[in-house]
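[1] Below are the sequence and a predicted model; questions follow.
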Amino acid sequence: MARGCGSAFGTARKWRRRPCRLPGSRFLCRRAFRPRLLAGWRPRCPSAPHRPPRRRRGARAGRGKSALPAGSDALPPGGERGGTITLPNAITLARLCAVPATVWLILHGRLDAAFYVFAGAGISDALDGWLARRLNARSVLGAMLDPLADKALLVCTYVTLALAGVLPDWLAMLVVFRDVLIMGGVMLLSLLGAPPRMQPLFISKLNTLAQLLLAGLALLLAGFGLPTEPWLPLMIWVAAATTILSGLAYMVRLLRREAAR
């Protein structure tokens, strides 16, 4: 007589009985008693070896959805923090290399060629940020190089244009003084043990745009022999006003954070 497993389950409900043809057969014993009412429950024959529960297909490595938790700081491949070889970083490095080229062209009187180099560097300032967000390729190196390239391009261009007599000397000194003042305040707070987390203000972004437009306009008008009135004097005062306002805004923020300690 064929031996069946699961005879001790009782007769409280009707079960569909299938005897095991071979003792210890896992295939048949798993289906020896299959309840009709309890979905998903399968009695296991005591003689059958233990089988770990199946994992869902999405839980396997490399399948299904990403295993990163929602809101995690981890970035997908291509956007790892600390990565160096990314397209936005390459564009930022190219803008940094455009600084000495722009200075050399201005000092040698090639303002027309300097305009093209400066215009390309200014366009790359917006392009690398857009690509970093589009490709999810933000990195620590890019976060450090981008403001460094911007400041180096603007400060060196303004100082060189002042030496060439295209822009007034006081404007170049104002631009340099504003950056030195902000950097000095940040370094002072860092030495005091309270390094501020500097975030760009709206007035600061407006100031950067005004300075880029003024430098590009000065190179365009002087390089191609176009009349400077009335746009160049107007942009000079606009850039000077935004430079003063952005510097004051940053200093007020630094003083408030120091007073809140």
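    Happy to help now that I have it.
[2] so what's the nearest residue in space to Ser204 that is not next to it in sequence up against?
    Closest residue in space to Ser204, ignoring its immediate chain neighbours: Ser246 at 4.6 Å, by C-beta to C-beta, 6 or more residues apart in numbering. In short, each C-beta sits where N, CA and C put it, glycine included. By C-beta atoms under 8 Å, 6 or more residues apart in numbering, Ser246 lies in contact with 178, 201, 203-204, 206-207.
[3] likewise Pro88?
    128-129, 131-132, 135, 137, 139, 142 are the contacts of Pro88 under C-beta under 8 Å, 6+ apart.
[4] any idea of the pLDDT on the residue lying closest to Thr242 once chain neighbours are set aside?
    Computed as C-beta to C-beta, 6+ apart, the closest residue to Thr242 that is not its neighbour in sequence is Asn207, at 3.8 Å. Note on Asn207: pLDDT of 94.
[5] Now Asn207: which helix or strand?
    Element membership of Asn207 [criterion: DSSP states H and E] is helix 202-223.
[6] Count the residues that sit near Gln199.
    Gln199: 7 surrounding residues under other C-beta atoms under 10 Å.
[7] Same check on Met251?
    14.
[8] Need the nearest residue in space to it, chain neighbours excluded.
    Gly185 (6.3 Å).
[9] Please confirm that that neighbour is located within a helix.
    Yes: Gly185: assigned to a helix according to DSSP: H, G, I helix; E, B strand; the rest coil.
[10] returning to what we had before: wait, a strand at the residue nearest to Ser204?
    No: residue state for Ser246 (three-state DSSP) corresponds to helix; a strand is not indicated.
[11] if we can go back for a sec, now restrict the contacts of Ser246 to buried residues only.
    178, 203-204, 207 (16 or more other C-beta atoms under 10 Å).
[12] Among those residues, which one lies nearest to Ala218?
    Ala218 lies nearest to Asn207 out of the buried ones among the contacts of Ser246, by C-beta to C-beta, at 16.4 Å.
[13] how close does Arg95 sit to Leu148?
    As for Arg95, its distance to Leu148 is 10 Å (criterion: C-beta to C-beta, to the nearest Å).
[14] And the buried ones among the contacts of Ser246, which is closest to Leu234?
    Using C-beta to C-beta, the buried ones among the contacts of Ser246 come closest to Leu234 at Asn207, 15.8 Å.
[15] Could you list the buried residues of stretch 252-261?
    Under 16+ other C-beta under 10 Å, the buried positions of stretch 252-261 are 253-254.
[16] Over to stretch 216-225?
    Buried-residue list, stretch 216-225, by 16+ other C-beta under 10 Å: 216-223.
[17] Touching that stretch from outside, list them.
    So stretch 216-225 is contacted by 106, 110-115, 118-119, 122, 161, 166-167, 226-228, 231-232, 235 (C-beta under 8 Å, 6+ apart).
[18] farthest-separated two in the buried ones among the contacts of Ser246?
    Every pair of the buried ones among the contacts of Ser246 checked by C-beta to C-beta; the farthest is Arg178 and Ile203, at 11.7 Å.
[19] Go through the helix or strand harbouring Pro88 and flag the buried ones.
    Using DSSP H and E, Pro88 sits in helix 87-107. Residues of helix 87-107 classed as buried by neighbour count (16+ other C-beta under 10 Å): 88-89, 91-93, 95-96, 98-99, 102-103, 105-106.
[20] Let's have those residues in TSV, adding distance to Leu192 and pLDDT.
    TSV is the format used below for the buried residues of helix 87-107 (distance: C-beta to C-beta, whole Å; pLDDT from 0 to 100):
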residue	distance to Leu192	pLDDT
Pro88	34	87
Asn89	32	88
Ile91	36	91
Thr92	31	90
Leu93	33	91
Arg95	33	93
Leu96	31	92
Ala98	36	94
Val99	32	96
Thr102	37	96
Val103	36	97
Leu105	42	97
Ile106	39	96
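[21] so which of the residues you listed comes closest to Ala240?
    Ile106 (20.4 Å).
[22] Secondary structure element for the closest residue to that closest one other than its chain neighbours, which one?
    Nearest-residue entry for Ile106: Thr160, 4.5 Å, with adjacent residues in sequence omitted and distances by C-beta to C-beta, 6+ apart. Taking DSSP H and E as the definition, Thr160 sits inside helix 140-163.
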